[in-house]
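Peer 1: here's my sequence, what's the structure:
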Amino acid sequence: MTTLLPRACAVFLFLQCCASFAASLQISPVTIQLTGAENGKVINLSNEGDEPIHAQVRTFVWDQDDEKDKLTPTREIIASPPIAEVPAGGTQVIRVIRASMAPVPQERAYRLLIDELPPEGAPAGSNVQFRFRYSVPLFISSAGEMEKPKLQWSIVEKNGKPYLRVMNSGEVHAQLSAVTLRSDATTIPVSPGLLGYVLPGRMRAWMLPDTARALHGKPADVAATVNGAPVTGRLGEGSGP
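Peer 2: Below you'll find the predicted structure:
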């Protein structure tokens, strides 16, 4: 059954882990890309604190529906060990393995949720089930040459608010960051850093400031970084390098 992340945890889902994150547990790499011929990779959990840390790793199929992310627990990707103790000042290796090496017709997307669990001896009955949650994207490429996402950008209104809607008709994901909208008279910074992902064949939308209403139905340029490369496009049109 499809599982939606609780609203209270959503902020952790969309943030990639980074060295400056205010927690003792550090994770590397922050994104995993597997080719069709690779059966897995490893994640290093590092503890920069003075006390041991217990961490739990869970795997999910990652999809998008109704312009939102959805996660479904899966055994297609296996994390070993699923629960580990990371010693103070030490490192623990987690192996991430594909359960099947069957070819995928198009890129498959997963999320690894890594929870830093409360320390032993935490008060019984506490509602706090984890201290920090990290979300690591994992992608399995289809066979053949790696393609680029194909994006269409538009501004729509939802519940009286302007939104930037992005459709990806390509066969690989699009990681969007440093997004800006520009017209002759208006410049609207959408996100200085990571905005989010649009999976292949899917659509996402992000709320814009009210000033973006001035661009609704009008020509405007889009500048963004997509999968690490600069991209330009036009509202209502596709984008390219």
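
Peer 1: state the number of residues packed around Trp153.
Peer 2: Neighbours of Trp153 under the rule other C-beta atoms under 10 Å: 21. The C-beta positions use only the backbone N, C-alpha and C, and glycine is treated the same way.

Peer 1: the one 5 residues further on now?
Peer 2: The criterion is other C-beta under 10 Å. On that basis, Lys158 has 11 neighbouring residues.

Peer 1: mind checking how far it is from Gly196?
Peer 2: Distance, Lys158 to Gly196, using C-beta to C-beta, to the nearest Å: 16 Å.

Peer 1: ok, Lys70 next?
Peer 2: Counting by C-beta to C-beta, the gap from Lys70 to Gly196 is 14 Å.

Peer 1: also Leu45?
Peer 2: 25 Å.

Peer 1: between those two, point out the one with more neighbours.
Peer 2: Neighbour comparison, Leu45 and Gly196: the larger count goes to Leu45, with 22 against 18 (by other C-beta under 10 Å).

Peer 1: contacts only, for the more buried one.
Peer 2: If you count contacts by C-beta atoms under 8 Å, 6 or more residues apart in numbering, Leu45 has them with Leu25, Gln26, Ile27, Ile53, Ala55, Ala84, Val86, Thr91, Gln92, Val93, Ile94, Ile114.

Peer 1: same list (those residues) but as a markdown table, adding neighbour count.
Peer 2: Shown next, in a markdown table, are the contacts of Leu45 (neighbours: other C-beta atoms under 10 Å):
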| residue | neighbour count |
| --- | --- |
| Leu25 | 23 |
| Gln26 | 20 |
| Ile27 | 24 |
| Ile53 | 24 |
| Ala55 | 24 |
| Ala84 | 17 |
| Val86 | 23 |
| Thr91 | 12 |
| Gln92 | 17 |
| Val93 | 11 |
| Ile94 | 21 |
| Ile114 | 24 |
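
Peer 1: in strands, which of the residues you listed fall?
Peer 2: Using DSSP state E, the members of these that fall within strands are Leu25, Gln26, Ile27, Ile53, Ala55, Ala84, Val86, Thr91, Gln92, Val93, Ile94, Ile114.

Peer 1: and of the contacts of Leu45, the nearest to Ala178?
Peer 2: Ile27 (23.1 Å; C-beta to C-beta).

Peer 1: for the closest one, give the beta-bridge partners.
Peer 2: Here Ile27 sits in beta bridges with Leu45, going by DSSP bridges.

Peer 1: residues contacting it?
Peer 2: Applying C-beta under 8 Å, 6+ apart, the residues contacting Ile27 are Cys17, Ile43, Asn44, Leu45, Ser46, Ile114, Tyr134, Val136.

Peer 1: state the pair within these that is farthest apart.
Peer 2: Ser46 and Val136 (14.0 Å).

Peer 1: more neighbours: which of those two?
Peer 2: Neighbours were counted for Ser46 and for Val136 using other C-beta under 10 Å; Val136 has more, 22 against 17.

Peer 1: just checking, the more buried one touches Lys41?
Peer 2: No. Judged on C-beta atoms under 8 Å, Val136 makes no contact with Lys41 at a distance of 10.7 Å.

Peer 1: can you classify Thr211 by secondary structure?
Peer 2: Here Thr211 is helix, with the state taken from DSSP: H, G, I helix; E, B strand; the rest coil.
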